[in-house]
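> Show me how the following folds:
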Amino acid sequence: MSRVLNVAVVGCGIGRSHIVEGYLPNADKFKVLAICDLDQERLDKIGEEFGIDRRVVNFDDLLAMDDIDIIDVCTPPGAHLFMVSAALKAGKHVVCEKPLVGSLKDVDTIMAIEKGAKGLLMPVFQYRFGDGIEQAKAVIESGIAGKAYCGTVETMWRREALYYAVPWRGKWKTELGGVLMGHAIHPHDIFTYLMGDIARMFGRVATRVNPIEVEDVISASLEMKSGALASFTATLGSVDEITRIRLQFENVTIESDHSPYNPGKEPWKILPRNDEVKARIDKLLANWQHVPSRFQTQMARFHDAIFGKGELPVTSADSRRALELVTAFYHSSSTHTEVVLPLGPEHPLYESWVPAQYR
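Just a heads-up that it's a prediction; the model follows:
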């Protein structure tokens, strides 16, 4: 197999960002050979912009292309299960935007297919990559941070009528959820990536900002498996926009850069409790090698994983953990009860959290 892998991008919305941030900076590793979209005008626009001649509106056409190594699924969430399953069964490597699928049952189905698949599956959690988050991860994993005490996540974004003019947004059937699924899912993933698994949670969701079917405000209280406590808050009605993650450990306080859409990029605030801790952190980070943020690093590490040079940077198990939190959130809010994780097939929302009237 050539070291340059041929990619087909399905969905030219966020798919354009995958091309610009992920594939073009890694031109020695990937070539976007085909694009697919139902909107012919957008398809032609992206094709002309990046010199991509192979433009199709039928997803099945991509599966039959022997020279395509990777299918990158960037469609609305409702189409992910079919496309990811079909691409894996066709022997392709697969990249899929969040959310991977729309239920715990569906993610377990994907994971079962994945076990027997020739290709690798990498869900997208691009906020995990960059100097800020990776330095924080290094300090925590080194043991310098010590015992985890507590943490907070604030996802304060702004979405108004123009955003929901896109027909599939704000609807259960196509978006599968609101701020929990399309927005706060990233900062919540960062939190568990750094702080570990959730043991139990009590959450609330509400629709207070926009006249939509799905939620645009959420809040939760959580207990981590480590014993640390946490709180999550998110809204799509903020005047300004920030993503703020603050973690308190025995020896350090860690706070993210507040950039809403790239909180992992810039160095985070890491406050040592004393000079001894500071010296240990300085030594750990003394020869730090720059980590490009978002899709650039995630795609580069995917390439490494395909050629056996590293682990998958994001796995289907990571996606399951994110969807488990979403499931717990909706169940807790509707029943006003605490939810204990993990969740299995016996859970009432295992097959779907979407209200019955919207399925």
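> ranges for the strands of the stretch 101-250 of the chain?
With DSSP state E, counting those that start in this stretch, the ranges of strands along the stretch 101-250 of the chain come out as 121-123, 148-158, 198-206, 217-224, 229-235, 237-249.
> if we compare these, which one ends up closest to W353?
Of all those, the one in closest proximity to W353, counting by CB to CB, is strand 198-206 (10.4 Å). Using the backbone N, CA and C atoms, a C-beta is placed for each residue, glycine as well.
> Mind listing the strands the closest one pairs with, and their directions?
strand 217-224 (antiparallel), strand 339-340 (antiparallel) (DSSP bridges).
> T243: which of the ones you listed is closest?
Between T243 and the strands paired with strand 198-206, the tightest spacing by CB to CB is seen for strand 217-224, at 14.1 Å.
> Need the nearest residue in space to I52, chain neighbours excluded.
Once flanking residues are discounted, I52 sits nearest to I35: 5.3 Å by CB to CB, 6 or more residues apart in numbering.
> The one you found and V9 touch, don't they?
Yes: contact criterion CB atoms under 8 Å: I35 and V9 qualify, at 5.1 Å.
> So for these two, which residues contact both of them?
With contacts defined as CB atoms under 8 Å, 6 or more residues apart in numbering, the residues shared by I35 and V9 are G15.
> if I look at the closest residue to G119 other than its chain neighbours, how far off is K309?
Distances taken as CB to CB, 6+ apart place H93 nearest to G119, at 3.9 Å, with adjacent residues excluded. As judged by CB to CB, to the nearest Å, H93 and K309 stand 15 Å apart.
> Tabulate the CA atom coordinates of stretch 152-165 in CSV.
Taking C-alpha atoms only, stretch 152-165 is exported to CSV below (Å, rounded to 0.1, in the frame of the first residue of the first chain):
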residue,chain,number,x,y,z
THR,A,152,-16.0,22.3,35.8
VAL,A,153,-16.9,22.6,32.2
GLU,A,154,-18.6,25.6,30.7
THR,A,155,-19.7,25.5,27.1
MET,A,156,-21.2,29.0,26.4
TRP,A,157,-21.9,29.4,22.7
ARG,A,158,-24.3,31.3,20.6
ARG,A,159,-26.7,29.9,18.0
GLU,A,160,-29.5,32.0,16.5
ALA,A,161,-32.2,31.7,13.8
LEU,A,162,-29.7,31.7,10.9
TYR,A,163,-28.0,28.6,12.3
TYR,A,164,-31.3,26.7,12.4
ALA,A,165,-32.2,27.8,8.9
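> Buried residues in it, which are they?
T152, V153, E154, T155, M156, W157, R159, Y164 (16 or more other CB atoms under 10 Å).
> who does the fifth one bridge with?
Judged by DSSP bridges, the bridge partners of M156 are T235, I242.
> wait, K118 sits on A90?
No: K118 is beyond contact range of A90, at 9.0 Å (criterion: CB under 8 Å).
> Settle it for me: which of those two has more neighbours?
A90 (18 against 10; other CB atoms under 10 Å).
> V32: what's it in contact with?
V32 touches V7, A8, V9, I19, Y23, F50, I52, counting by CB under 8 Å, 6+ apart.
> out of those residues, who's nearest E213?
V9 (28.5 Å).
> Now do the SS call for that closest one.
For V9, the assignment made with DSSP: H, G, I helix; E, B strand; the rest coil gives strand.
> That one against V20, yeah?
No: the pair V9 and V20 fails to qualify as a contact (CB under 8 Å) at a distance of 11.0 Å.
> So for these two, which residue has more residues nearby?
Neighbour tally, V9 and V20, criterion other CB under 10 Å: the higher count belongs to V9, 28 against 14.
> The more buried one - nearest residue in space that isn't next to it in sequence?
In space, V9 is closest to G15, 4.3 Å off (CB to CB, 6+ apart).
> Kindly provide the distance from the one you found to Y358.
Distance from G15 to Y358, by CB to CB: 26 Å.
> now E338
Distance, E338 to Y358, by CB to CB: 26 Å.
> same question, F125
F125 is 26 Å from Y358, where distance means CB to CB.
> the more surrounded of the two?
F125 (22 against 13).
> Go ahead and confirm the more buried one touches D189.
Yes: here F125 reaches D189: they are 5.0 Å apart, a contact under CB under 8 Å.
> Between those two, which contacts overlap?
Jointly contacting F125 and D189 under the rule CB under 8 Å, 6+ apart are D318, A322.
> Surely L284 is in a strand?
No: secondary structure of L284 (three-state DSSP): helix, not part of a strand.
> Give me the spatial nearest neighbour of it, chain neighbours excluded.
S142 (5.7 Å).
> any idea of the pLDDT on the one you found?
Per-residue confidence at S142 stands at 98 (pLDDT).
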